[in-house]
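S.K.: only geometry, no sequence info:
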């Protein structure tokens, strides 16, 4: 058994090493988390506003959505495809039109997944 000061020094060192390792892992995890598709999708103001438009107005076709924006219909269409690939918007072909809407259940599931990941990232190893 060591002296009290050596035990305190080793405990402090252990805590410091644990914290350092934890921070290094968390930085990588945080970077991956914030570079994830959901954050990249909503980092673009036009995509965020399209998503918000659909959430407020309900299902719409590309032309109806494009009327509310300064971008061309083709640009809006590309943004909608990106939102759909991210799983936050869904589309349905009705006759000759494609109707887009917020994918409510998928969006909630995605946000719950993100919250679970974030909880793991910000937890501390030395409690």
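M.R.: Happy to help now that I have it. Small disclaimer: the values here were computed from a predicted structure and weren't measured. Residues are numbered from 1 along each chain as shown.
S.K.: Could you identify the helix or strand that succeeds the strand or helix carrying residue 32?
M.R.: Element membership for residue 32, per DSSP states H and E: helix 4-34. As assigned by DSSP H and E, the chain's next helix or strand after helix 4-34 is helix 37-43.
S.K.: residues making contact with that next one?
M.R.: Helix 37-43 is contacted from outside by 33, 47, 48, 51, 82, 83, 85, 86, 88, 110, 114, using Cβ atoms under 8 Å, 6 or more residues apart in numbering. Every residue, glycine included, has its C-beta placed from N, CA and C.
S.K.: so who does the third one touch?
M.R.: Right, residue 48. So residue 48 contacts residue 42 (Cβ under 8 Å, 6+ apart).
S.K.: Which element, helix or strand, includes it?
M.R.: Applying DSSP H and E, one finds residue 48 within helix 45-57.
S.K.: pLDDT of that helix, averaged?
M.R.: On average, the pLDDT along helix 45-57 is 95.
S.K.: please renumber so the chain begins at 269
M.R.: I'll keep to 269 as the first residue from here, and by that count the last item is helix 313-325.
S.K.: quick one on the thing from earlier: show the buried residues in the contacts of helix 305-311.
M.R.: Burial by neighbour count, judged by 16 or more other Cβ atoms under 10 Å, picks out 301, 315, 319, 350, 351, 354, 356, 378 from these.
S.K.: could I get these as CSV with distance to residue 365?
M.R.: Listed next are the buried ones among the contacts of helix 305-311 as CSV, based on distance: Cβ to Cβ, whole Å:
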residue, distance to residue 365
301, 37
315, 21
319, 19
350, 20
351, 17
354, 22
356, 20
378, 26
